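Visitor: Requesting a structural model of the entry that follows:
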Amino acid sequence: MKLLTVILFLFTFTANRINETNDELAKKLIEEIRFVKYNDEFDKDDFFRVNNLLVEYEIAGRFDFLKNSHEYKELIHDLFNSTNETKRVFAYRLIGIIQDADFNDELIDRINSDEPTLLKTWSTMAVMANKVSSASDDLFRILSSSSSGLPLDILIDKYVAYDTKAVKSSCWKFIDSKDISEQIMAIQILANFEQDVNLQKKLIEFVEQWKDEYKGWVISSMALQKMSQLKPILSKYYEIEFLKEIIIEALEISPSEEDNNYAEALKSKMD
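Guide: Next comes the predicted model:
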């Protein structure tokens with residue numbers, strides 16, 4: 001009984017400490033909001049300094065104190081619509097952390113705008129943090145474009161996790177796109193989910209139809225899906241030098257013993 005009392009005391013003490021820490025961080029952020037609002041020279045160096053505080057606050061959790069503060073409610077719209085780009089970045093960051101749904105429609109407009117990379121990165125992050133499922137198609141188009149200049153590896157990982165149902169729906173919508181980049185992104189994302197017979201049929205079609213330079217994306221998707229009976233499908237492409245490694249990997253991952261043996265045979269030829 002004494003042990004239980006001690007455990008409960010420690011749990012309560014720790015929770016209170018976390019709450020205090022969180023509220024202290026919120027108070028610091030409120031001061032920063034005032035600073036940002038009234039500092040015309042707020043620049044990227046200022047943002048990255050404040051962003052360190054935002055990271056701490058995000059880890060601590062519990063955002064009601066800041067979201068309900070007078071300063072946030074009064075100033076967030078001014079920051080969101082500021083002519084100072086760095087202030088807008090700060091607004092997107094705050095909105096994403098707090099998950100303020102009041103800005104969802106405007107955020108969708110922003111991700112489709114011609115704002116610079118830093119702003120578009122954080123508006124995209126805010127849309128996903130807010131789990132705006134209606135933005136999934138817009139996000140897909142943006143993230144499948146290599147010319148966007150965005151940190152795609154990071155954002156695509158976030159995209160895959162943000163709303164599974166919406167993401168799958170978008171992928172199937174774009175899987176037969178005339179844009180090969182959209183097709184590649186669609187199969188790669190879908191392949192990361194559970195095994196899907198319909199997707200696997202598509203992959204068999206695509207490995208035959210796509211140009212050699214794109215076949216590696218299809219084969220890696222086959223590997224992610226742990227497809228079997230791949231020997232008759234992939235053997236015809238093994239002589240393409242840049243496909244050899246990914247073909248062997250797909251065969252090794254396959255649950256088919258025939259595929260596994262074929263992988264070993266191919267590896268022995270390479271030695």
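
Visitor: how about the strands in this protein?
Guide: With DSSP state E, there are no strands along the chain.

Visitor: quick one: low-confidence parts of the stretch 51-200 of the chain?
Guide: Confidence mapping of the stretch 51-200 of the chain against pLDDT under 70 gives zero matching residues.

Visitor: right, and residue 22 touches residue 59 too?
Guide: No. Judged on CB atoms under 8 Å, residue 22 makes no contact with residue 59 at a distance of 9.6 Å. No exception for glycine: its C-beta is placed from N, CA and C like everyone else's.

Visitor: Settle it for me: which of those two has more neighbours?
Guide: Between residue 22 and residue 59, counted using other CB atoms under 10 Å, the more crowded position is residue 22 (20 against 10).

Visitor: got the contact list for the more buried one?
Guide: Residue 22 sits next to 57, 60, 61, 62, 65 when contact means CB atoms under 8 Å, 6 or more residues apart in numbering.

Visitor: Would you mind measuring from the nearest residue to the first one once chain neighbours are set aside to residue 58?
Guide: Among residues not flanking residue 57 along the chain, residue 25 sits closest, at 4.5 Å (CB to CB, 6 or more residues apart in numbering). Using CB to CB, to the nearest Å, residue 25 is found at 10 Å from residue 58.

Visitor: Look at the two and report which has more neighbours.
Guide: More neighbours surround residue 25 than the other of residue 25 and residue 58, with 20 against 16 (other CB under 10 Å).

Visitor: center of this protein - which residue?
Guide: residue 158 (1.5 Å; CA atoms, centre = their mean).

Visitor: What residues does that one make contact with?
Guide: 125, 128.

Visitor: Same check on residue 82?
Guide: Counting by CB under 8 Å, 6+ apart, residue 82 has contacts 88, 91.
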